[in-house]
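[1] Based on what follows, work out the 3D shape:
(chains A and B)
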Amino acid sequence: MQIYLPIAEVSVNAFLLLGMGGIVGFMSGLFGVGGGFLITPLLFFIGIPPAVAVATGANQVVASSVSGVLAQVRRKAVDFQMGGVLLAGGVVGSAFGIWVFQRLSAAGQIDLFVQLCYVLFLGLVGGLMLQESLRSFWRSTRGGAIRRSHVHTWVHGLPFKMKFRASGLYISVLPPLAVGALVGFLAAVMGVGGGFIMVPAMIYLLGVPTKVVIGTSLFQIIFVTAFTTVMHAVTSQTVDMLLAVLLILGGVVGAQIGARVGVKLRADQLRIMLALLVLAVCGKIALDLLLTPSEVYSVTVSPLP
Amino acid sequence: MIVRGLILALGLLCACPVVAETAPAETIVAGLSQSRVSITADFVGSEILIYGAVKRQSPAPTAEPLQVIITVEGPPVEMVVRRKDRVYGIWTNSAEVRIDSAPSFYAIATTAPLDDILSATEDLRHRISVPRAIRAVGISDEADSSSQFVTALVRLREATGSYTVDQGAVRLTEDTLFRADVALPSNLTEGDYRVRIFLTRGGRVVDQIERGITVRKDGIERFFFRMAKDQPLLYGILALLVAGFAGWGASAAFRWMRP
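    From the prediction side, this is the model:
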């Protein structure tokens, strides 16, 4: 069934959009990532103009994150205190990110910067996570030494300590603020919710238990992407609500199924899968940059002023 | 001397079209199957039938055959063509050419190969062929090989069906009746479309006529499009509410199905 999208101004198959939304929603519910780094390239691929894909992708992530968070709240797997602190840092970071984005746009090199950001951070995060999760997976299958859940590092010596009940942590608010600010910055520049950076940062830098990480990450993604959606709607008018509704319908159902499947899987298995997914997207973007493209020309159409 | 020369030259320039267009022996009478196209949610493209006849005061000249050229042109847009080059091993956009005005959609239908039935000067004057329809004035300053950019633009737009050249698609019966079907693709934009019909003999335009097609979004398409433009903040908040409600709805539905 073909449907004409009012803002994207193209006609696409409605079931294809439902299916794409479903797959990305499933990932979102399973891993606690918003899926922005998946949905945007997929929309480019089926011929949606890039500006519409980025803005509408953000809108879809809001819906799947709400759906995912509600599923996690019922399992008491959301640390609202931690989420709030991360969000406070995120607001500062994204404000700075928007400023950098505007400066780079004016210089005409934003596409390249965003792609390099993707390759660098996806590669770094995916590689580190894969290495760690494989190690813990082998350790647990061999039944070796018991892993200590809390390792004391310099992070625990910082001031302004706060009790994060749901995470079972008593740490300084400074590291979560810094992580939030970094993710907010990258989210604004790269046009994603930042879940794929937030999840490993919370696990490895802050020591938050994996079960709580997913819900908490989704909780703060809601606010980041909601802000992005409204910003795009106001400044560039590129949010396509019809496209969003179709992606959302698939996405919210997928997110629920993903959350349920996630309960049945082990934390280290989940991390291995997320690491592989992140590395796959990283590899695809890296190849696009390195291989000779089949078409070196591209056209951007804009209405006459 | 120079002034007189200029006046003479101007006079010649002005005179030429007048000579060519005084009382054409053959004139077009034409119609369209529809003058309004509504883009609704189930829009998958549309086909416009363009038909007409040649009206003559005197018997048709037999020296050169009569030919018909039909163009359908979408509202003009600004385009930026970018070329990727390898910089430090990475493929990145390195050169760009801005095209001030090019039609968003352009279709040509003819009775015979365009080069055979239209002279270069007439093409230049009426902007009929695709490269002429793209107003690429002054782009040569922007990049060293701007004609390649225009060629690439035409190639890319032809690949998406936005520019089409269908030579031989116009059927001409007994040098009098003609008809052509022009397909409007599903990725159509809103605006006023211009249909031009040219009669040519020996590469020269004998008569031309212009008609309009209004392409408008309708129903839910119109509602979303207008709201996004007129009430962007409200639209953004509505988009969030839809997203939030859908997320909550799915969560509640799943809990109800599998408690």
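[2] The longest strand along chain A - contacts with which helices or strands?
    Taking DSSP state E as the assignment, the strand of chain A that covers the most residues is strand A:297-303. Applying 3 or more CB pairs under 8 Å, 6 or more residues apart in numbering or on different chains; DSSP states H and E, one finds that strand A:297-303 makes contact with strand B:76-87, helix B:146-159. C-beta here means a position set from N, CA and C on the backbone, and glycine is covered the same way.
[3] Tabulate the ones you listed in a markdown table, adding columns for mean pLDDT and distance to residue A:245.
    Written out in a markdown table, the entries for the helices and strands packed on strand A:297-303 read as follows (pLDDT from 0 to 100; distance: least, CB to CB, whole Å):
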| stretch | mean pLDDT | distance to residue A:245 |
| --- | --- | --- |
| strand B:76-87 | 84 | 27 |
| helix B:146-159 | 85 | 30 |
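[4] before we move on, the earlier item: centre of the chain versus the longest strand of chain A, how much separation?
    28 Å (CA atoms, centre = their mean, to the nearest Å).
[5] State the helix or strand in which the spatially closest residue to residue B:129 that is not a sequence neighbour lies.
    Excluding its sequence neighbours, the residue lying closest to residue B:129 (CB to CB, 6 or more residues apart in numbering or on different chains) is residue B:123, at 5.2 Å. According to DSSP states H and E, residue B:123 maps onto helix B:120-126.
[6] Please list the outside residues in contact with that helix.
    Residues from elsewhere that reach helix B:120-126 (CB atoms under 8 Å, 6 or more residues apart in numbering or on different chains): B:17, B:128, B:129, B:132, B:196, B:198, B:200, B:203, B:204, B:205, B:208.
[7] can you redo the helices and strands packed on strand A:297-303 as CSV with mean neighbour count?
    Conversion of these to CSV gives the following (neighbours: other CB atoms under 10 Å in any protein chain shown):
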stretch, mean neighbour count
strand B:76-87, 17
helix B:146-159, 17
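[8] out of the contacts of helix B:120-126, which are inside strands?
    Using DSSP E to define strands, the subset of the contacts of helix B:120-126 located there is B:196, B:198, B:200, B:204, B:205, B:208.
[9] All the strands of chain A, residue numbers only.
    Counting by DSSP E, the strands of chain A are A:2-4, A:11-13, A:161-164, A:169-172, A:297-303.
[10] Out of the ones you listed, flag the one nearest residue A:254.
    Among these, the nearest to residue A:254 by CB to CB is strand A:11-13 (17.5 Å).
[11] what lines up beside the closest one in the sheet?
    In the sheet containing strand A:11-13, the strands it pairs with under DSSP bridges are strand A:2-4 (antiparallel).
[12] where are the low-confidence patches of the chain?
    Reading this off chain A. A:32, A:34, A:105-109, A:142-159, A:166, A:191-193, A:303-305 (pLDDT under 70).
[13] looking at chain B here, not the other one
    Of all residues in chain B, those with pLDDT under 70 make up the ranges B:1-24, B:135-145, B:258-259.
[14] for it, which helix is longest?
    Selection of the longest helix in chain B by residue count, based on DSSP state H, yields helix B:232-257.
[15] who's in contact with the residue lying closest to residue B:45 once chain neighbours are set aside?
    Leaving aside its chain neighbours, residue B:45 sits nearest to residue B:186 (4.4 Å; criterion: CB to CB, 6+ apart). If you count contacts by CB under 8 Å, 6+ apart, residue B:186 has them with A:2, A:4, A:10, A:11, B:43, B:44, B:45.
[16] Tabulate those (TSV), appending neighbour count and distance to residue A:139.
    Rendered in TSV, the data for the contacts of residue B:186 read as follows (neighbours: other CB atoms under 10 Å in any protein chain shown; distance: CB to CB, whole Å):
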residue	neighbour count	distance to residue A:139
A:2	15	52
A:4	23	54
A:10	21	50
A:11	21	53
B:43	21	58
B:44	11	56
B:45	15	59
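[17] Nearest to residue A:55 among those residues?
    Out of the contacts of residue B:186, the one with the shortest distance to residue A:55 is residue A:10. That distance is 15.0 Å, counting by CB to CB.
[18] contacting residues for that closest one?
    A:4, A:47, A:48, A:49, B:186, B:187.
[19] show me what contacts the residue nearest to residue A:123 when sequence neighbours are not counted?
    The spatial neighbour of residue A:123 that comes closest, neighbours along the chain excluded (CB to CB, 6+ apart), is residue A:282 at 4.6 Å. The contact partners of residue A:282, taken as CB under 8 Å, 6+ apart, are A:118, A:119, A:122, A:123, A:126.
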